[in-house]
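**Q** Using only what follows, build the 3D model:
(one chain, ligands or ions: 2)
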Amino acid sequence: MIESIIPLTVLDAFGISPKAVITPIGSGHIHQTFLVADKNKFVLQRVNKIVFTKPEIIATNNRLASAYLSKYHPEYLFPAVVPDNHGHPLVYAEDGFPWRLYSLIDNTITIDFVSSTQEAREAAIGFGKLTRYLNGVDCDLYKPTLDRFHDLSWRYEQFETELATASENIKSEVAEEIELAQNFNYLVKEYSELIQSGSLKQRITHNDTKINNILFDRVTREAVCVIDLDTLMPGYFIYDLGDLVRTCVSPVSEEEREVTKIGFRKEIYEALLSGYLSEMKSTMTAEELKAVPFAGKMMTYIMALRFLADFLRGNTYYHITYPDQNKVRARNQLYLLKILSDSV
Ligand code: GN1
Ligand code: MG
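**A** Ligands and ions are numbered 1, 2, ... in the order given. A predicted model of the protein is given here:
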């Protein structure tokens with residue numbers, strides 16, 4: 001029963017009637033998300049504090065961005081949280097888990113799959129615009145909500161740690177994936193050199209730019225606003241452009257088991273680049289532009305490593321609905337990486 005999952009104290013703190021109609025929504029791997037139909041419609045979320053151990057940092061980064069955007073880009077739609085009755089962004093339930101509330105943005109939809117160059121371009125414009133609009137902020141005011149989140153060297157180290165401690169049994173189940181992952185290790189060196197050269201500007205990036213983290217207008221299919229701002233924090237443009245490429249170019253998602261269905265849709269890739277750069281190019285250096293082709297490969301590799309490491313550690317991070325789901329995801333991403341490496 002939904003009512004038993006959502007504590008009444010939480011509903012009360014947000015001023016939601018216990019009679020509101022509440023249904024689970026969303027396809028995220030981390031939090032639990034619900035649609036609340038009360039006098040108005042809301043999105044209520046239980047924040048996974050096992051993953052986000054410092055949810056206050058999310059709230060602070062979002063508050064800073066929201067204040068900056070409403071001052072300098074007042075027309076920009078930034079999905080700020082609805083505070084509780086005391087003006088707090090988070091309400092802690094008795095079990096220690098924080099909850100937060102958003103207004104539902106009417107007449108919008110999310111998509112899990114890009115079916116046209118227009119959708120790809122729109123999504124890339126949406127994420128590019130956010131970073132461009134925040135170009136003038138002092139990045140030092142924003143703290144990492146997850147440390148070293150997209151640090152490829154660190155993710156590779158984590159993968160190696162899991163490899164060193166996993167049982168032979170588990171390792172033999174993913175022997176092929178382990179070998180593939182190790183073969184792409186040269187990307188870690190490329191990444192480290194790129195970061196150490198200082199050629200990428202630190203910016204405020206979204207860091208979770210998968211296609212279902214953008215709201216589209218139900219009718220015009222234009223991008224309305226970006227959502228899921230948990231990882232809005234300092235980062236590099238390659239993280240955002242890269243995750244767009246990772247989640248959009250293939251005709252199938254990261255969940256697809258049949259690897260022969262994975263592919264590279266050139267026209268979608270070009271639409272992503274053209275959309276993202278139409279927003280961001282004016283703020284980018286020549287060296288950053290040179291790093292554009294690296295973005296998709298880097299982010300696809302990082303996800304392959306993360307899924308594989310989670311499989312090796314016994315699936316403690318990503319929500320799974322069947323036993324070898326993280327293996328499937330890792331394999332999928334490694335195949336996509338191979339195709340990307342041959343294509344860009
Ligand atoms: C997670 O929860 P969700 O779906 O927004 C993950 C992202 C991955 C994504 C892969 C905090 O995002 O980094 O790209 O799964 N978020 C976190 O689908 O780990
Ligand atoms: Mg997320």
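
**Q** how about the nearest residue to residue 331, chain neighbours excluded?
**A** Distance criterion CB to CB, 6 or more residues apart in numbering; nearest residue to residue 331, sequence neighbours excluded, is residue 177 at 5.4 Å. Backbone N, C-alpha and C define where each C-beta goes, glycine included.

**Q** Return the alpha-carbon coordinates of the biggest helix by length in the chain using CSV.
**A** The residue-count maximum for a helix in the chain (DSSP state H) belongs to helix 292-313. C-alpha atoms of helix 292-313 as CSV (Å, rounded to 0.1, in the frame of the first residue of the first chain):
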residue,chain,number,x,y,z
VAL,A,292,33.8,16.8,-28.2
PRO,A,293,34.4,13.3,-29.8
PHE,A,294,35.7,12.0,-26.5
ALA,A,295,32.6,12.8,-24.5
GLY,A,296,30.3,10.0,-25.5
LYS,A,297,33.0,7.3,-25.3
MET,A,298,34.1,8.5,-21.8
MET,A,299,30.6,8.5,-20.4
THR,A,300,29.6,5.1,-22.0
TYR,A,301,32.8,3.6,-20.5
ILE,A,302,32.1,5.0,-17.1
MET,A,303,28.6,3.5,-17.0
ALA,A,304,29.9,0.1,-18.2
LEU,A,305,32.5,0.2,-15.4
ARG,A,306,29.9,1.2,-12.8
PHE,A,307,27.3,-1.4,-13.8
LEU,A,308,30.0,-4.1,-13.9
ALA,A,309,31.5,-3.1,-10.5
ASP,A,310,28.0,-3.2,-9.1
PHE,A,311,27.4,-6.7,-10.5
LEU,A,312,30.8,-7.8,-9.0
ARG,A,313,29.9,-6.4,-5.6
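
**Q** For the following helix or strand past that helix, buried residues please.
**A** Downstream of helix 292-313, the next assigned helix or strand under DSSP states H and E is helix 325-343. Judged by neighbour count (16 or more other CB atoms under 10 Å), helix 325-343 contains these buried residues: 325-340.

**Q** Who's the closest spatial neighbour of residue 264, skipping the chain neighbours?
**A** residue 343 (4.4 Å).

**Q** Same question for residue 329.
**A** Nearest to residue 329 is residue 307, by CB to CB, 6+ apart, at 4.1 Å.

**Q** ok, that neighbour to ligand 2 distance?
**A** Here residue 307 is placed at a distance of 15 Å from ligand 2 (CB to the ion, to the nearest Å).

**Q** what's the answer for residue 77, then?
**A** 19 Å.

**Q** State the pLDDT value of that residue.
**A** Note on residue 77: pLDDT of 95.

**Q** Which residues are in contact with it?
**A** Going by CB atoms under 8 Å, 6 or more residues apart in numbering, residue 77 touches 105, 224, 225.

**Q** coming back round to it: which element is the residue nearest to residue 331 on?
**A** helix 175-183.

**Q** Give me the pLDDT value at residue 2.
**A** On the pLDDT scale, residue 2 gets 56.

**Q** give me the element residue 161 is part of.
**A** helix 152-165.

**Q** ok, back up a step: so the residue nearest to residue 329 touches residue 330, yeah?
**A** Yes: assessed by CB atoms under 8 Å, residue 307 is found in contact with residue 330 at 3.8 Å.

**Q** I'd assumed residue 42 was in a strand, is it?
**A** Yes: according to DSSP: H, G, I helix; E, B strand; the rest coil, residue 42 belongs to a strand.

**Q** The protein: helices as residue ranges?
**A** 2-5, 8-13, 55-72, 117-133, 152-165, 168-173, 175-183, 186-196, 237-248, 266-280, 286-290, 292-313, 325-343.

**Q** Residue 146 is nearest to which of the ones you listed?
**A** helix 55-72 (9.1 Å; CB to CB).

**Q** List of residues touching the closest one?
**A** Outside helix 55-72, the residues touching it (CB under 8 Å, 6+ apart) are 47, 49, 52, 76, 78, 80-81, 89-90, 98, 100, 133-134, 136-137, 141-145, 204, 229-230, 232-233.

**Q** Could you quantify the relative orientation of that helix and helix 117-133 as an angle?
**A** 90 degrees (axes from the mean of the first three to the mean of the last three CA atoms, to 10 degrees).
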